[in-house]
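*Asks:* Pasting the sequence and the predicted coordinates here, then a few questions.
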Amino acid sequence: MFHLKYLNKFLWKHRSLLIIGAFFILISNIFALYPAEFVRKALDSAVENISTNQNRNAKLILLKYSSLIIIFSIIKGIFMYFMRQTIIVMSRRIEYDLKNEIYKKYQILSVAFYKKNKAGDLMNRISEDVTRVRMYLGPALMYTINISILFYLVLTKMFSINAHLTYYVLIPLPILAISVYFVSKNINIRSEKTLEELSRLTTISQETYSGIKIIKSFNNEMNLFSKFVKHCKKYTNKQLYLVKIEAFFFPLIITLIGTSTILTIYIGGLEVIEGNLSSGNIAEFIIYVNMLSWPVASVGWITSIIQRAAASQKRINEFLQTDNEIKNYTNKSENISGNIQFENVTLKYQNTNITAIKNINFIINEKEHIGIFGKTGSGKSTIINLICRLYDPTEGKIYIGNENIKKLNLYNLRKTIGYIPQDDYLFSGSIKENITFSSDNFNEENLLESTYNAELQEDINNFNNKFNTIIGERGVQLSGGQKQRLAIARTFYKKPDIFIFDDCLSAVDAKKEHKIINKLKIACKEKTCIIVSHRIESLKNLDKIYVIDNSKMIESGNHEQLLKKRGLYYKMFLIQKKKKFD
Ligand SMILES: Nc1ncnc2c1ncn2[C@@H]1O[C@H](COP(=O)(O)OP(=O)(O)O)[C@@H](O)[C@H]1O
Ligand SMILES: [Mg+2]
């Protein structure tokens, strides 16, 4: 329950809907209460009139009260409609606010956070958990208010008629509430297990769809099929078990309500014989008891909704309180430019305890075009991650334009940098949408220039729909090289001051790679460029190349200077040259 406190700020924000809703509940209950009294009056006066042979009178009285009951029921219905329109609407609005808050947090959190947590879990925060919380804010809250008001009104009425009978009639109700609580808790546990099994099934099917090529080429269809059937059976069994418990639910409720009704008739009958009650009172009491029993049954149900919501809100709270490792400390909006300097920088990834770079020092002058060379796993991408401030260094300092990178406005920094990662991400949508992703202002000339610089113009011309070609989820309809060149075009379109290519030409053929790098040199003459690669061919014409090996910087210089050093660069150059001619 304590965890749900977090929602109070939202309840306060939407308090007007809540208060109006509660008011509607009160009115609808008042109109629900009177029909019972009408039934008693109708019965009593009809019996009296019939016993004195005034049948016509009796008919008129019955007609009058029946009409009154209908009118009151309609009014009650109208106010019930309003009560849903206010309280359920409120819960939807809070759901909206909460989802936005969670989504905002997702956007702020660092890359390290996403490496630690599974995407499915994260999705659940915003969908499943929020839905459960909404069930508390909507139905649970609405029925709680409703039950409180109803109990107050009905019990006052019952006690004012006959306290003795009231006590007896109420006996089965707590038993009803408690048993419903246990049954619905059981149902929830079971249905959760059923859902888990269902999501396992979904995962299997999803993996099958996305891995269909591999599955077919390995002739693995039957294996997967039997795996699917196995889980399907498990799911069915769990579902059947759930149905058994659910089947038990209604008879239980009906039996307990029935007990109350029988008690009313029996004890009430004794009271009538003693002259304490009229026979109309018994009918009135039966209606009251029925009015109470469903709400009492729902107490158990509401309790379990609230418990589930509390568990979900606990997870949401934990998520919202996650500390973001990469913080923006300033809102200064000045331009970021100048040299990029690493001073004794070390980075240890917390999740794997790998020290990816050790004591790195270098200065990249403004407008310089430099390369970073090294084998896979040597720490190249880590250096780039640090320049983009996706991580902060464990030791040492990074400066851009003589200002510590942590003191720069994070959003400005990201705007200044055009970064193309190794494994780039494309969004489902058209080529045009993907290239112009960085800006809302469309510029035709910029689009053409970017595609030209990324060597993508030919491919686009060959597509039927040109720029409007839909590339499918994650760009499945493109080849590896096309995807990489599209990502490069996207960065050209952004027109950043610092270009960073992180091994993003790996799937591009050598000829095109050469062309792209030459175009980059012309287009970005006035810009800082950092090109990361394990292919010397891509780097040899750059102003300066840094060689990284085993997390350390071991050599630097331009191509000629590095060859003369006869170190790792020279060795790799010979190997790669040999491969080229083999
Ligand atoms: N996000 C990460 N979390 C934990 N370890 C990482 C992460 N990224 C890279 N590493 C590890 O750091 C080392 C250097 O990786 P990386 O900088 O990507 O090398 P390169 O780009 O030169 O191939 C590798 O051992 C890799 O496993
Ligand atoms: Mg890398």
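*Replies:* Now that the structure is in, tell me what you want to look at. None of these values were measured; they are calculated from a predicted model. Ligands and ions are numbered 1, 2, ... in the order given.

*Asks:* quick one, what contacts the residue in the stretch 101-250 of the chain positioned nearest to ligand 2?
*Replies:* Nearest to ligand 2, among the residues of the stretch 101-250 of the chain, is residue 111, at 13.9 Å (C-beta to the ion). Bear in mind the C-beta positions are built from the backbone N, C-alpha and C, glycine included. Residue 111 makes contact with 385, 390, 391, according to C-beta atoms under 8 Å, 6 or more residues apart in numbering.

*Asks:* Residue numbers of this protein in contact with ligand 2?
*Replies:* The chain comes close to ligand 2 at residues 380, 381, 422, as judged by C-beta under 5 Å from the ion.

*Asks:* looking at the contacts of residue 111, which has the most residues close by?
*Replies:* Of all these, residue 385 has the most neighbours under the rule other C-beta atoms under 10 Å, reaching 22 neighbours.

*Asks:* Please report how far that residue lies from residue 65.
*Replies:* 79 Å (C-beta to C-beta, to the nearest Å).

*Asks:* Same question for residue 558.
*Replies:* Taking C-beta to C-beta, one finds residue 558 at 102 Å from residue 65.

*Asks:* Look at the two and report which has more neighbours.
*Replies:* The residue with more neighbours, out of residue 558 and residue 65, is residue 65; 20 against 16, by other C-beta under 10 Å.

*Asks:* so how far is the helix or strand of the chain with the lowest mean pLDDT from its chain's centroid?
*Replies:* When each helix and strand of the chain is scored by mean pLDDT, DSSP states H and E, helix 119-124 comes last, with a mean of 72. Centroid separation for helix 119-124 versus its chain: 7 Å, with C-alpha atoms, centre = their mean, to the nearest Å.

*Asks:* after that helix comes which helix or strand?
*Replies:* Helices and strands here follow DSSP states H and E; after helix 119-124, the next one along the chain is helix 130-135.

*Asks:* Give me the helices and strands touching that next one, please.
*Replies:* helix 55-108, helix 279-320 (3 or more C-beta pairs under 8 Å, 6 or more residues apart in numbering; DSSP states H and E).

*Asks:* That helix: how far from the chain's middle?
*Replies:* Worked out by C-alpha atoms, centre = their mean, helix 130-135 lies 12 Å from the chain centre.

*Asks:* Just the buried residues of it, please?
*Replies:* By 16 or more other C-beta atoms under 10 Å, the buried positions in helix 130-135 come out as 130, 132, 133, 134, 135.

*Asks:* Quick check: the third one touching residue 311?
*Replies:* No. Contact between residue 133 and residue 311 fails when scored by C-beta atoms under 8 Å: they sit 9.9 Å apart.

*Asks:* next one: phi and psi at the residue lying closest to residue 368 once chain neighbours are set aside?
*Replies:* Spatial nearest neighbour of residue 368, excluding adjacent residues (C-beta to C-beta, 6 or more residues apart in numbering): residue 543 at 5.2 Å. The phi/psi pair for residue 543 (degrees, to the nearest 10) reads phi -60, psi -40.

*Asks:* Just give me the neighbour total for residue 543.
*Replies:* 15.

*Asks:* For residue 325, see how far away it is.
*Replies:* Distance, residue 543 to residue 325, using C-beta to C-beta: 34 Å.

*Asks:* One more: residue 76?
*Replies:* Relative to residue 325, and taking C-beta to C-beta, residue 76 is found at 56 Å.

*Asks:* Looking at those two now, which is surrounded by more residues?
*Replies:* For the pair residue 76 and residue 325, the greater number of neighbours falls to residue 76 (19 against 13), based on other C-beta under 10 Å.

*Asks:* Just give the nearest non-adjacent residue to the more buried one, would you?
*Replies:* Using C-beta to C-beta, 6+ apart, the nearest residue to residue 76 is residue 31, at 3.9 Å.

*Asks:* swap in residue 457?
*Replies:* Sequence neighbours aside, residue 451 is the residue nearest to residue 457 in space, at 5.0 Å (criterion: C-beta to C-beta, 6+ apart).

*Asks:* Repeat that for residue 363.
*Replies:* Here the residue nearest residue 363, using C-beta to C-beta, 6+ apart, is residue 341, at 4.7 Å.

*Asks:* Quick check: that neighbour is in a strand.
*Replies:* Yes. Applying DSSP: H, G, I helix; E, B strand; the rest coil, one finds residue 341 inside a strand.

*Asks:* please begin residue numbering at 16 from this point
*Replies:* New numbering, starting at 16: the last item is residue 356.

*Asks:* Quick check, it in contact with residue 377.
*Replies:* Yes. Using C-beta under 8 Å, residue 356 and residue 377 qualify as a contacting pair, with a distance of 7.4 Å.

*Asks:* Which residue of these two possesses the greater neighbour count?
*Replies:* Neighbours were counted for residue 356 and for residue 377 using other C-beta under 10 Å; residue 356 has more, 19 against 16.

*Asks:* And the more buried one, how far from ligand 2?
*Replies:* Using C-beta to the ion, to the nearest Å, residue 356 is found at 22 Å from ligand 2.

*Asks:* Show me the strands in the stretch 316-465 of the chain, by range?
*Replies:* Applying DSSP state E, counting those that start in this stretch to the stretch 316-465 of the chain gives strands spanning 355-364, 369-379, 384-389, 410-415, 418-419, 432-435.

*Asks:* show me where pLDDT drops low in the stretch 16-165 of the chain?
*Replies:* 135 (pLDDT under 70).

*Asks:* If you drop the residues flanking it in sequence, what lies closest to residue 461?
*Replies:* The nearest residue in space to residue 461 (C-beta to C-beta, 6+ apart) is residue 508, at 5.8 Å.

*Asks:* that's a strand at the one you found, yeah?
*Replies:* No. According to three-state DSSP, residue 508 belongs to no strand; its state is helix.

*Asks:* So it sits against residue 450, correct?
*Replies:* Yes. With contact defined as C-beta under 8 Å, residue 508 reaches residue 450; the gap is 5.2 Å.

*Asks:* Next, show the common contact partners of the two.
*Replies:* 462, 465.

*Asks:* What's the per-residue pLDDT of residue 171 here?
*Replies:* Predicted confidence (pLDDT) for residue 171: 93.

*Asks:* what's the burial count for it?
*Replies:* Neighbours of residue 171 (other C-beta under 10 Å): 10.

*Asks:* Relative to residue 327, how far out is it?
*Replies:* Taking C-beta to C-beta, one finds residue 171 at 37 Å from residue 327.

*Asks:* what do you get for residue 366?
*Replies:* Counting by C-beta to C-beta - residue 366 and residue 327 are separated by 26 Å.

*Asks:* Okay then, goodbye and thanks.
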